[in-house]
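1. following is a predicted model, sequence given first.
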Protein chains: 2
Amino acid sequence: MYTGKQTWVFAKPPVIVSHATIVGPDEGEGPIAEDFDYIYSELDIGEKSWEKAERKLLEHAAQSALEKINMTQEQLQFYVGGDLLNQIISNTFAARTLGVPYLGVFGACSTSMEALALAALMVDSGAADNVMAGTSSHNCTAEKQFRYPTEYGAQKPPTAQYTVTGAATAIVAAVGEGPIVECATIGKVVDLGITDPFNMGAAMAPAAADTIKAHFNDTGRTPNDYDLIVTGDLASVGIPILEELLAKSNIQCGQGKLQDCGLMVYDIGSQNVQAGGSGCACSAVVTYGHLLKKVVSGEYNRILVIATGALLSPLTYQQGESIPCIAHAVSIARQGVK
Amino acid sequence: MYTGKQTWVFAKPPVIVSHATIVGPDEGEGPIAEDFDYIYSELDIGEKSWEKAERKLLEHAAQSALEKINMTQEQLQFYVGGDLLNQIISNTFAARTLGVPYLGVFGACSTSMEALALAALMVDSGAADNVMAGTSSHNCTAEKQFRYPTEYGAQKPPTAQYTVTGAATAIVAAVGEGPIVECATIGKVVDLGITDPFNMGAAMAPAAADTIKAHFNDTGRTPNDYDLIVTGDLASVGIPILEELLAKSNIQCGQGKLQDCGLMVYDIGSQNVQAGGSGCACSAVVTYGHLLKKVVSGEYNRILVIATGALLSPLTYQQGESIPCIAHAVSIARQGVK
């Protein structure tokens, strides 16, 4: 495998042979609802705590991805995943249910592509024939842990984002049918000093810009090589900042090519989601649910997904620290595309 | 690379070309104190919060490992690490300081070997020429987050363990001088229903047994292939349980071959540490500080380090859940050993 400075270019690009997306009611009322495998009509997902609800979403997504290709838990070799909750409990408990060797990862909302990148590396290197990458988030678990329990009914400023309730998994394998993972760019921690947990988009935009620049530098590609360049959850506040940062580096994406999963999962005009979606599941359900279908159908030949993560800690920002951010990018293409 | 069911056997075993261990005052009074690179005499490490103290330990360990081989931050290609704190903040902030591409991982106290296994996979597969693996823990950050702030002076039962204050890093490279990483066995989540956060050894022992059995099954090795089989932090309660579980599977380690980092880092007879050491740094400082020296000196040809992790969440055990556990094993040998 050739390795650019911070980019892995896979010699035998692993195949996403199955993927599943399970969401909650708000996502089920959004513009891409028909692309999800299952929509729960109630936020509690039939469970007694928000945390158990999130876990059930992830377990459902894991089971669904296995069933689609008639794979048993015993045939699945590894599970790589993480989530926003302390001790990444949704993934830990889902891994207990799956019963497969488990690598826990944490990159806040960048976890989706961190897990996919590592899963692809494991398959490409021959360390595994198949690996599942997964992640989840739930609006009420995230708000409770990072800001205020939703039951308080606290008001939010318009720069705030709305954590996606959902889970998504992808099974990556050495051979099979499906979109391929061509390369992955691992991000650095970037921190320009934003301290407001209600303005994640502004905090994360510089990390996204840093990883996009590194990706083009390492691979020699340009925006022309992609049909879509999509960030995880910069939402309406972060995207204009990213566009400005990229323009300063002479990276022009052109009209409509740069989009954001946080602006795709909801209709921010009619749904009460402030600046747009966020959370580990945001980039995951949009990518695995909506975008992969367009890659398979031929609408897109190749896309670059840059999952953005605000590594926000309630404790450190109470101690006066700013919010360090990171972004990991993965290039996904249709098989046979040059 | 040959892959056993859950074991990666590295074709060109990566070399641990540098490693550093930084500890606090209690570890500096323990029986292996002379093996550590630096001992802080005060628990606050000269910082204003326990969290900042832990971060400083890790930053010190990262810098020290680089300096030992005259490597600059710019030459370091990736950093893989995690810790016990929510949002793995010690590692996030240390990665911000390092400024290199960063993969955050979480496996509680198994994080040390999870990070080393992934670093070795990245180097073996050609995804990187060098990678730093790191972890940290601090007695006061862990107690505050998982049980009670130490300032409360709460009493502890004798089954409790004492979180190691320290940090350790290892730089893994494709070529160089030093011990080699031969193979790694990734553990499954094992949960036999222990719910007492003051009895981690009992909770983790079944996970250690599961991974050790898998390691021997996958590789065809036996305890005779190792000079030392060492668990991360089962301490005096967990080790007898592990011995019993292994004996039931007809795995006999023989006199003195099965040891535990939690029983090596302190003198549990004279130091007030209950059943022994724990925490992410426990297996890390003992392995990188104490054991690697014995591998290099020839006292050991080959060791198996099984880092054990209790994926304890204060929230889930308050919700009535038990403590899921995991263990990851890495085989380390002297170069040239057959």
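-> Happy to help now that I have it. Quick caveat, the model's predicted, so the values are computed rather than measured.

2. in the stretch 101-250 of chain A, which spans are helices?
-> For the stretch 101-250 of chain A, applying DSSP state H, counting those that start in this stretch gives helices covering A:111-124, A:139-146, A:200-219, A:235-248.

3. what's the angle between the second one and helix A:200-219?
-> Angle between the axes of helix A:139-146 and helix A:200-219 is 100 degrees (criterion: axes from the mean of the first three to the mean of the last three C-alpha atoms, to 10 degrees).

4. quick check: A:Trp8 touching A:Ala119?
-> No - judged on C-beta atoms under 8 Å, A:Trp8 makes no contact with A:Ala119 at a distance of 11.8 Å. Heads up, the C-betas are built off the backbone N, CA and C, glycines and all.

5. do stretch A:40-47 and chain B meet?
-> No - on the criterion C-beta under 8 Å from any C-beta of the partner chain, stretch A:40-47 is out of touch with chain B, staying 10.6 Å away.

6. hmm, who's touching that stretch?
-> A:22-25, A:28, A:50, A:52-57, A:138-140, A:165 (C-beta atoms under 8 Å, 6 or more residues apart in numbering or on different chains).

7. list only buried entries from these.
-> A:22-25, A:28, A:50, A:52-57, A:138-140, A:165 (16 or more other C-beta atoms under 10 Å in any protein chain shown).

8. and those, which is closest to A:Val181?
-> The shortest approach to A:Val181 among the buried ones among the contacts of stretch A:40-47 belongs to A:Ile22, at 21.7 Å (C-beta to C-beta).

9. using the three-state scheme, assign that closest one.
-> At A:Ile22, secondary structure determined by DSSP: H, G, I helix; E, B strand; the rest coil is strand.

10. isn't it right next to A:Asp35, touching?
-> No - taking contacts as C-beta under 8 Å, A:Ile22 lies outside contact range of A:Asp35: 11.9 Å.

11. closest residue of the stretch 101-250 of chain A to chain B?
-> Closest residue of the stretch 101-250 of chain A to chain B, C-beta to the nearest C-beta: A:Ser125 (3.3 Å).

12. from B:Gly220, how far off is that residue?
-> Distance, A:Ser125 to B:Gly220, using C-beta to C-beta, to the nearest Å: 22 Å.

13. which one of these two has more residues nearby?
-> Set A:Ser125 next to B:Gly220 and count neighbours by other C-beta atoms under 10 Å in any protein chain shown: A:Ser125 wins out with 25 against 8.

14. could you report the neighbour count for the nearest residue to A:Ile241 once chain neighbours are set aside?
-> With sequence-adjacent residues excluded and distances taken as C-beta to C-beta, 6 or more residues apart in numbering or on different chains, A:Ile241 is closest to A:Ala205, at 3.9 Å. Residues within reach of A:Ala205, counting by other C-beta under 10 Å, total 29.

15. then A:Lys48?
-> A:Lys48, neighbours per other C-beta under 10 Å, totals 10.

16. any stretches of chain A with poor pLDDT?
-> Applying pLDDT under 70 to chain A flags the ranges A:1-2.

17. interface residues of the stretch 151-300 of chain A facing chain B?
-> Taking C-beta under 8 Å from any C-beta as the contact definition, the stretch 151-300 of chain A meets chain B at A:Ile186, A:Gly187, A:Lys188, A:Val189, A:Asp191.

18. write the ChimeraX selection for whichever of those residues are buried.
-> Of these, the buried ones can be selected in ChimeraX as follows, counting by 16+ other C-beta under 10 Å:
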select /A:186,187,188,189,191
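
19. which one of the residues of the stretch 151-300 of chain A next to chain B is nearest B:Ala214?
-> Nearest to B:Ala214 out of these is A:Ile186 (C-beta to C-beta; 28.4 Å).

20. quick one: contacts for the closest one?
-> A:Gln6, A:Thr7, A:Trp8, A:Glu114, A:Ala117, A:His328, B:Phe78, B:Pro101, B:Tyr102, B:Leu103.
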